[in-house]
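Engineer: fold the following and give me the result.
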Amino acid sequence: FECFASPLNCHFGKFCSAFPDIDTHFGSLGSFFSLPTDGSLEGSFESNPPFVSEVMTAMALKIETLLNGAQATNKPLSF
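Structural biologist: Residues are numbered from 1 along each chain as shown. Sure, this is the predicted structure:
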């Protein structure tokens, strides 16, 4: 699963993108920042965000929240 991709550069079958309103027609699951934080996610995620400090900081905080949720529900999750 790719957290930051586009229909033009995704390698895996599942990906999140910056423009979900358009990219969902090509397979995007929406924005990485919209992924549920209820502990329901599991699996391995590849995260290569744009190299913008605000995006990287927001990504790190989101990943920390997702990992805490996975730990609370005993789900396997890695980035």
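
Engineer: helices along this protein, start to end?
Structural biologist: 20-23, 53-72 (DSSP state H).

Engineer: so what's C10 up against?
Structural biologist: 2, 27 (CB atoms under 8 Å, 6 or more residues apart in numbering). All C-beta spots, glycine's among them, are computed from the backbone N, C-alpha and C.

Engineer: what of the one 10 residues further on?
Structural biologist: Residues near P20 by CB under 8 Å, 6+ apart: 28-31, 34.

Engineer: I'd like to know how many residues surround the closest residue to F12 other than its chain neighbours.
Structural biologist: Excluding the flanking residues, the one nearest F12 by CB to CB, 6 or more residues apart in numbering is E2, at 5.4 Å. E2 has 21 neighbouring residues, counting by other CB atoms under 10 Å.

Engineer: who does E2 form a beta bridge with?
Structural biologist: Note on E2: beta-bridge partners by DSSP bridges are F15, E46.

Engineer: going forward, begin numbering at 11 instead of 1
Structural biologist: Got it, first residue is 11 now, which makes that one E12.

Engineer: now P30: how far from S41?
Structural biologist: For P30, the distance to S41 equals 5 Å [CB to CB, to the nearest Å].
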